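A.B. asks: Only the shape, not the letters, is given here:
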């Protein structure tokens, strides 16, 4: 079985308070985007996991794809599989690539072994793997709250734009990103901010991680400024970084300053 886990971006990312369990509550709009990994799963005599494309650091046994398989195996007694992941979505970028890989593994195993799990059950399993994982089960635009597991798909949101993503040679861990965060309540609901004209987003639609990470990595602030100079009507960092993105009404031209960085232009229609 061959599936294509996709990335996401955040429109707004507000860290509103710290919870008693050590996590943070947030408010954001997650949008799926068509930047995809390639994940192949098939039955085998023994379990194996391999990867190609972008190099994945760390112990392969700690990969979320492997953890997703182990979770389903423990819960439903499925037999061994061979998993091949071709990595395209950059890591440490705030694009949710690892979470998408895990969620798509759950969905693929459900189909491959005809487990007939409900969408809700898949989302519960995904939540055990990581805060962003449940989003990729439905894989639709959603208002996100709690630690990332509370998803609202009923918000009427539409967006048609050209999306330019810029990933510098910079890895930011989630722990590093949260280390400088100072939670504060939203001045008004995210839904209200998003319903305003896109011309107003630049004033109120923020990613709270930028305030602490931009002083440490001024190149990120520079990329954001260059995106606006190139004509973006909105630009921001996605998730906890380090990928920056700009939204454009027309096909953008990539500034020369982005040479040497990983860039891609995608059509976004929500």
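C.D. replies: Arrived safely. Remember, predicted model here, so these are calculated numbers, not experimental data.
A.B. asks: so what pLDDT did residue 73 get?
C.D. replies: As predicted, residue 73 sits at a pLDDT of 98.
A.B. asks: Helices of the stretch 1-150 of the chain, start to end?
C.D. replies: Listed in chain order, the helices of the stretch 1-150 of the chain (DSSP state H, counting those that start in this stretch) span residues 64-76, 97-112, 119-129, 135-138.
A.B. asks: And this protein, what are its domain boundaries?
C.D. replies: According to the domain assignment given by automatic domain parsing, the chain is divided into the following structural domains: 2-152, 160-269.
A.B. asks: which stretches of the chain form strands?
C.D. replies: Per DSSP state E, the chain carries strands over the ranges 2-3, 6-18, 24-36, 38-43, 48-53, 81-87, 142-145, 150-152, 160-167, 234-237, 244-248, 262-269.
A.B. asks: for residue 15, which residues make a bridge with it?
C.D. replies: Residues found in beta-bridge contact with residue 15 (criterion: DSSP bridges) are residue 26.
A.B. asks: State the distance from it to residue 120.
C.D. replies: Spatial separation of residue 15 from residue 120 under the definition C-beta to C-beta, to the nearest Å is 27 Å. In short, each C-beta sits where N, CA and C put it, glycine included.
A.B. asks: same question, residue 10
C.D. replies: From residue 10 to residue 120 the distance is 24 Å (C-beta to C-beta).
A.B. asks: Show me which of those two is the more surrounded one.
C.D. replies: For residue 10 versus residue 120, neighbours defined as other C-beta atoms under 10 Å are more numerous around residue 10 (24 against 10).
A.B. asks: ok, for that one, nearest residue in space, not its chain neighbours?
C.D. replies: Once flanking residues are discounted, residue 10 sits nearest to residue 28: 4.8 Å by C-beta to C-beta, 6 or more residues apart in numbering.
A.B. asks: Okay, the one you found and residue 165: tell me how far apart.
C.D. replies: Relative to residue 165, and taking C-beta to C-beta, residue 28 is found at 17 Å.
A.B. asks: What score does the residue nearest to residue 10 have for pLDDT?
C.D. replies: At residue 28 the predicted local confidence, pLDDT, stands at 96.
A.B. asks: what packs against the helix or strand of the chain with the lowest mean pLDDT?
C.D. replies: Comparing helices and strands within the chain by mean pLDDT, DSSP states H and E singles out helix 174-179 as the least confident, with a mean of 84. Under the contact definition 3 or more C-beta pairs under 8 Å, 6 or more residues apart in numbering; DSSP states H and E, helix 174-179 sits against helix 209-216.
A.B. asks: Might you report the residue contacts of residue 23?
C.D. replies: Residue 23 makes contact with 131, 147 under the criterion C-beta atoms under 8 Å, 6 or more residues apart in numbering.
A.B. asks: do the same with residue 83
C.D. replies: By C-beta under 8 Å, 6+ apart, the contact set of residue 83 is 39-41, 48-50, 65-66, 69, 105.
A.B. asks: Could I get the pLDDT score of the nearest residue to it once chain neighbours are set aside?
C.D. replies: The spatial neighbour of residue 83 that comes closest, neighbours along the chain excluded (C-beta to C-beta, 6+ apart), is residue 49 at 4.7 Å. Here the pLDDT value assigned to residue 49 is 97.
A.B. asks: Which positions within stretch 72-82 qualify as buried?
C.D. replies: If you call a residue buried by 16 or more other C-beta atoms under 10 Å, then stretch 72-82 has these buried ones: 72, 78, 81.
A.B. asks: now, among the residues you listed, which is nearest to residue 212?
C.D. replies: Looking at those and their distance to residue 212, the nearest is residue 72, at 36.9 Å (C-beta to C-beta).
A.B. asks: about what we covered before: present the strands of the chain as TSV; the columns should include distance to residue 202.
C.D. replies: Compiled in TSV, those are given as follows (distance: least, C-beta to C-beta, whole Å):
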stretch	distance to residue 202
strand 2-3	36
strand 6-18	12
strand 24-36	16
strand 38-43	35
strand 48-53	35
strand 81-87	33
strand 142-145	20
strand 150-152	24
strand 160-167	14
strand 234-237	6
strand 244-248	11
strand 262-269	18
